[in-house]
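Asks: Model the structure of this input:
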Amino acid sequence: MASRLAIASQKGGVGKTTTAVNLAVELASHGKRVLLVDCDHQGDATAAMGLGEFTSGADVFTTLDFILGQRPFTPCRDVLPGTEVLVDLDLELLRRIPFDAPVRRFGDALASVDAAYDVVIADCPPTVGLTAVNAVVGCKNVLISIQLLPGSLRAVPRLVRLIEGLRSEKDPAIRVLGLVGTFFDGVSRHPRQALEAARQLPGLNVFSTVIHRSTDVAAGVLGNPVVLARPVCRGAMEYRELAREVFSQLGESRSAVLPATQRCLP
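Replies: This is a model prediction of the structure:
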């Protein structure tokens, strides 16, 4: 069975998609078979992988097709694209599937392709609906992305309560793997205070690696993830180290992701 990870937040602009894409690319660069599932109708993960122009045709197999089981599984370069049709997915799940089944549809679909992959990473939408719930229940492991700015932690307890509720009602294996802080600025006082506040949240792991605010990381989202575009910049090295932290917790071998120093060699 593939290791599964849902990357979630309750607001946009917190580095969630950038984290999903760079973790996926970093693992794939070391030979892991990775499926990236874009669950957001805005398709930011799809665009970040350089696939935005390929998603306009009617014959493209999308995340909606995958979750609803509408067509044979044919991902685009091991990415399930998110498109505007995902806006209607919550309603489609309620309309097509019997009561109580909607939250398990994504997990059921993953089970049918599990053997083909080592890792599945789902980029959740920045809202809590049936699509995000499907990703959490199907993946079981959840990484929460938080922007290290004043007030950024307000939504975290609500999201954690939702995940804990799904664990108690749907599957005891569901867990919050940890929080990752993004947009960190070690010079300013407020990001440091936000990071310390995150570390004080009861019962939650905060990953040691934080992602600094960086023009390199921001530029990488535009079609070439930073771990490939600028592999020796600080942002790439931070995502590389985060990958080691995250997937060691998931039970992946630490050798799956090379130490950052090795990646800097010519």
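
Asks: tell me the phi and psi of Val14?
Replies: phi -110, psi 10 (degrees, to the nearest 10).

Asks: Could you find the closest non-adjacent residue to it?
Replies: Excluding the flanking residues, the one nearest Val14 by C-beta to C-beta, 6 or more residues apart in numbering is Gln147, at 4.2 Å. Glycine gets a C-beta too; all of them are placed from N, C-alpha and C.

Asks: what's the one you found in contact with, if anything?
Replies: 13-15, 181-183 (C-beta atoms under 8 Å, 6 or more residues apart in numbering).

Asks: Just give the number of residues close to Thr18.
Replies: For Thr18, the neighbour count with other C-beta atoms under 10 Å is 25.

Asks: how about the helices of the stretch 151-266 of the chain, start to end?
Replies: Here the stretch 151-266 of the chain has its helices, by DSSP state H, counting those that start in this stretch, at 156-169, 189-199, 215-220, 226-229, 234-249, 260-263.

Asks: and these, which one's lowest on average pLDDT?
Replies: For these, the weakest mean pLDDT is recorded on helix 260-263, namely a mean of 41.

Asks: quick one on the thing from earlier: can you put the helices of the stretch 151-266 of the chain in TSV and add distance to Val113?
Replies: Formatted as TSV, the helices of the stretch 151-266 of the chain follow (distance: least, C-beta to C-beta, whole Å):
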stretch	distance to Val113
helix 156-169	22
helix 189-199	35
helix 215-220	28
helix 226-229	25
helix 234-249	20
helix 260-263	29
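
Asks: so where's this structure uncertain?
Replies: Across the chain, the ranges flagged by pLDDT under 70 are 56-57, 96-100, 219-222, 252-266.

Asks: residue boundaries of the strands in it?
Replies: 3-8, 34-38, 79-80, 119-123, 141-147, 175-182 (DSSP state E).

Asks: How far does the fifth one sit from its chain's centre?
Replies: Between the centre of strand 141-147 and the centre of its host chain there is 8 Å, according to C-alpha atoms, centre = their mean, to the nearest Å.

Asks: ok, it: who's next to it in the sheet?
Replies: Strand pairing for strand 141-147, using DSSP bridges, gives strand 3-8 (parallel), strand 175-182 (parallel).

Asks: nearest to Asp40, of these?
Replies: For the strands paired with strand 141-147, the distance to Asp40 is smallest for strand 3-8, at 10.6 Å, taking C-beta to C-beta.

Asks: What lies in contact with that closest one?
Replies: Strand 3-8 has contacts (C-beta under 8 Å, 6+ apart) with 16-17, 19-20, 23, 110, 118-124, 132, 135-136, 138-145, 159, 177, 246-247, 250-252.

Asks: what about Gly107, neighbour count?
Replies: Neighbourhood size, Gly107 [other C-beta under 10 Å]: 20.

Asks: tell me the contacts of the residue nearest to it when sequence neighbours are not counted?
Replies: In space, and not counting its chain neighbours, Gly107 is closest to Gly138: 3.4 Å by C-beta to C-beta, 6+ apart. Neighbour list for Gly138: 4, 6, 104-110, 122 [criterion: C-beta under 8 Å, 6+ apart].

Asks: sorry, back to before: top of the contacts of Gln147 by neighbour count?
Replies: Thr182 (26 neighbours).

Asks: ok, that residue touching Ile211?
Replies: Yes - here Thr182 reaches Ile211: they are 4.4 Å apart, a contact under C-beta atoms under 8 Å.

Asks: Can you work out which residues contact both of those two?
Replies: 15, 18-19.

Asks: Looking at the residues you listed, which is nearest Phe73?
Replies: Set against Phe73, the nearest of those by C-beta to C-beta is Thr19 (25.2 Å).
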